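Novice: Fold the following for me, if possible:
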Amino acid sequence: MRPPKHHELRPEPLIVEDLLLLLLDDRSGTVRGEANLHYTLGGAVLIELALLGRVELDGRKRVHAVAGEPLGDSLLDAAAAQVAKRARHVHTVLLDLGLDLEPQVRDRLVERGMLRRERSKVLGLIPVTRTPAQDLPYEAALLERVRAVLEDGVTPDPRTAALTAALSASGTLRELHPAIRRSRAVTERARELREGTWGAAEVDQAIVVAAIASVGGAVAEAAAGGDSSQ
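Specialist: Coordinates of the predicted model:
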């Protein structure tokens with residue numbers, strides 16, 4: 001998805017913003033699950049559109065746009081316009097929405113004061129830009145909500161469920177240890193969220209589950225390819 005020229009932000013962070021925030025290392029700003037990040041972020045955007053009732057899925061797993069008023073956010077409006085061009089398979093939509101999305105989402109997190117941008121030079125010559133975390137209390141509260149869902153079995157609201165399921169599908173939960181402990185119970189709870197229902201009746205449940213499954217499939221395929229080359 002080509003980034004808009006300016007960022008019109010909703011008051012609350014989008015699911016994709018919260019997801020990238022959890023995927024970023026607080027100190028270096030490097031990202032976990034980078035190889036499949038375009039699918040992961042694209043999935044988060046598609047899920048957001050589904051929760052807003054702006055997309056639906058047909059029997060061939062093609063994504064269709066649902067007409068409506070502007071969403072008041074440059075990223076979401078651009079994504080909705082992209083989907084509206086033509087119906088395509090959910091896997092293709094994720095790739096299209098997620099391409100070149102990471103820099104835009106980082107910029108939004110900087111604008112919100114959740115990251116800060118630091119510029120320096122390696123060996124005094126090579127310019128380097130880092131985006132370490134800045135709003136640590138917000139990130140800590142966000143991570144605690146995810147932990148409570150996975151470890152304590154707390155019933156999540158749809159957005160927290162979406163964030164937790166997308167994080168699980170990205171294959172990066174193990175990298176959040178010890179903040180989120182590794183256990184069979186956590187693994188099972190994450191699977192239930194990836195495959196489960198999503199609350200509000202007006203939400204197209206199928207498209208949310210299909211988006212998460214597509215992210216998980218891309219991650220699994222990449223992992224299998226990496227194993228076979230060793």
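
Novice: Quick check: which ranges of the chain have low pLDDT?
Specialist: Of all residues in the chain, those with pLDDT under 70 make up the ranges 1-6, 120-125, 127-128, 197-204, 226-230.

Novice: go with 80
Specialist: By pLDDT under 80, the weakly predicted segments of the chain are 1-7, 27-29, 118-132, 196-205, 222-223, 225-230.

Novice: buried ones in the lengthiest helix in it?
Specialist: In the chain, assigned by DSSP state H, the helix with the most residues is helix 205-228. The neighbour-count criterion (16 or more other Cβ atoms under 10 Å) identifies 206-216, 218-219 as the buried residues of helix 205-228. To be clear about C-beta, it is placed using only N, CA and C from the backbone, and glycine gets the same treatment.

Novice: Helix or strand: which one has the closest residue to residue 99 other than its chain neighbours?
Specialist: Take residue 99 and drop its neighbours on the chain: the residue closest to it by Cβ to Cβ, 6 or more residues apart in numbering is residue 38, 5.4 Å away. Using DSSP states H and E, the element containing residue 38 is helix 37-51.

Novice: need the next SSE after that helix, C-terminal direction.
Specialist: Later in the chain than helix 37-51, the nearest helix or strand by DSSP H and E is strand 55-57.

Novice: Quickly run through the sheet partners of the following helix or strand past that next one, with directions.
Specialist: Next helix or strand after strand 55-57 toward the C-terminus (DSSP H and E): strand 62-65. Partner strands for strand 62-65, per DSSP bridges, with pairing direction: strand 55-57 (antiparallel), strand 88-89 (antiparallel).

Novice: so how far is the last one from its chain's centroid?
Specialist: Put plainly, it is strand 88-89. In terms of Cα atoms, centre = their mean, to the nearest Å, the centre of strand 88-89 is set 19 Å apart from its chain centre.

Novice: Flag every buried residue along the helix or strand just after it.
Specialist: Per DSSP H and E, the first helix or strand lying C-terminal to strand 88-89 is helix 90-98. Neighbour counts over helix 90-98 (16+ other Cβ under 10 Å) mark 90, 91, 93, 94, 95, 96, 97, 98 as buried.

Novice: and if you look at stretch 54-69?
Specialist: So for stretch 54-69, counting by 16+ other Cβ under 10 Å, buried means 54, 55, 56, 57, 61, 63, 65.

Novice: again, but for stretch 151-164
Specialist: Applying a neighbour-count criterion of 16+ other Cβ under 10 Å, one finds 156, 158, 159, 160, 161, 162, 163, 164 buried in stretch 151-164.

Novice: first vs last residue of that stretch, how far apart are they?
Specialist: One end of stretch 151-164 sits 12 Å from the other (Cα to Cα, to the nearest Å).

Novice: what do you get for stretch 191-207?
Specialist: Using Cα to Cα, one end of stretch 191-207 lies 17 Å from the other.

Novice: do stretch 153-162 as well
Specialist: Counting by Cα to Cα, you get 15 Å between the two ends of stretch 153-162.
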